[in-house]
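S.K.: compute the structure for the input listed below.
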Amino acid sequence: MQVSTPAIVLRTHKYSETSIIAKLYTQKLGLTTFIVHGVRKKHSKISASLFQPLQLLHVKLTYKERAGMQKLKDINISEGIHSIHSDIFKSSIAMFIAELIYKVIKEEEANEHLFQYLYTSIAFLNEAKGSYITNFHLLFTLDLSRYLGFYPNNNFSITKCYFIPEHALFESTYNNSSYFNKEISRLLNQLMQLKYDNIPNFSITTIQRRLLLKGLLSYYQYHLPEMGTIQSIDILETLFT
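M.R.: Have a look, this model is predicted:
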């Protein structure tokens, strides 16, 4: 079957001296594994720079359902995201987001709504400046849970002020959660009111940001225990201090 589809680069690793294995999330096929021959050659027709985290591509392939790895027939940049790869803060966020997506999305089938969310989020990050960048990863992580089926219940109130990850809602009694005390629960509720275009309205300290991100990831791990740990979180904590 001939397939032409937009795709998002999530992860690559060396396959041989000249080839790589690339994990791409595609619009038409979902999560797809490609073997890309010759990309590490000095004068390769396909540049290795095309496979940086979150690069937006358009790929063509002859899809073979039973093949463990697909082979590219053609590849082009769908939309340039030079700002992400030239800015240390954005590139670090890109590494985190790519790792998170890779570890939580296992669908080898199309999911149009999820793909469009990822695509538009990456495009926004590429154009973002200043205070739009600092807390982008927090809102992205929260909103991604909506497409994974466990977005928190928005029932925060004066009395129901403790977020309980196990129940995905706010309750009146604190259950000794490692991260969601009253303060971080309040910040989570505030984050739930945001969209990308009003991220600067979110006031949070460095310590609060760190705790909220760890809380969100612990929430993910409760609902997706197979995801494991996110290694790139350490880079974010170092930069956003």
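S.K.: list the contacts for the closest residue to residue 147 other than its chain neighbours?
M.R.: In this structure, residue 147 finds its nearest non-sequential neighbour in residue 114, 4.5 Å apart by CB to CB, 6 or more residues apart in numbering. Using the backbone N, CA and C atoms, a C-beta is placed for each residue, glycine as well. Going by CB atoms under 8 Å, 6 or more residues apart in numbering, residue 114 touches 105, 107, 147.
S.K.: so where's this protein shaky on pLDDT?
M.R.: Within the chain, the stretches with pLDDT under 70 are 241.
S.K.: how about the helices in it?
M.R.: All helices of the chain, identified by DSSP state H, fall at 82-86, 88-104, 112-127, 131-134, 136-148, 182-192, 206-223, 233-239.
S.K.: residue 11: which of these is closest?
M.R.: helix 88-104 (5.0 Å; CB to CB).
S.K.: dump that closest one to PDB, restricted to CA.
M.R.: Only the C-alpha atoms of helix 88-104 are listed here, as PDB (Å, rounded to 0.1, in the frame of the first residue of the first chain):
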ATOM      1  CA  ILE A  88      18.700  25.500  24.100                       C
ATOM      2  CA  PHE A  89      15.500  26.000  26.100                       C
ATOM      3  CA  LYS A  90      13.200  25.000  23.300                       C
ATOM      4  CA  SER A  91      15.400  22.100  22.200                       C
ATOM      5  CA  SER A  92      15.500  20.800  25.800                       C
ATOM      6  CA  ILE A  93      11.700  21.000  25.900                       C
ATOM      7  CA  ALA A  94      11.600  19.200  22.500                       C
ATOM      8  CA  MET A  95      13.700  16.300  23.900                       C
ATOM      9  CA  PHE A  96      11.300  16.000  26.900                       C
ATOM     10  CA  ILE A  97       8.200  16.100  24.800                       C
ATOM     11  CA  ALA A  98       9.600  13.600  22.200                       C
ATOM     12  CA  GLU A  99      10.500  11.200  25.000                       C
ATOM     13  CA  LEU A 100       7.200  11.600  26.700                       C
ATOM     14  CA  ILE A 101       5.200  10.900  23.500                       C
ATOM     15  CA  TYR A 102       7.400   8.000  22.700                       C
ATOM     16  CA  LYS A 103       6.900   6.400  26.100                       C
ATOM     17  CA  VAL A 104       3.100   6.900  26.300                       C
END
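S.K.: got the buried residues for it?
M.R.: Buried residues in helix 88-104, defined by neighbour count with 16 or more other CB atoms under 10 Å: 89-104.
S.K.: distance between the ends of stretch 54-71?
M.R.: 20 Å (CA to CA, to the nearest Å).
S.K.: now swap in stretch 176-194 and tell me
M.R.: End-to-end distance (CA to CA), stretch 176-194: 27 Å.
S.K.: so how far is residue 25 from the residue nearest to residue 147?
M.R.: According to CB to CB, to the nearest Å, residue 114 and residue 25 sit 8 Å apart.
S.K.: go on, residue 34?
M.R.: Computed as CB to CB, the residue 34 to residue 25 distance reads 12 Å.
S.K.: who has more neighbours, the two?
M.R.: When neighbours are counted by other CB atoms under 10 Å, residue 25 comes out ahead of the other of residue 34 and residue 25, with 24 against 21.
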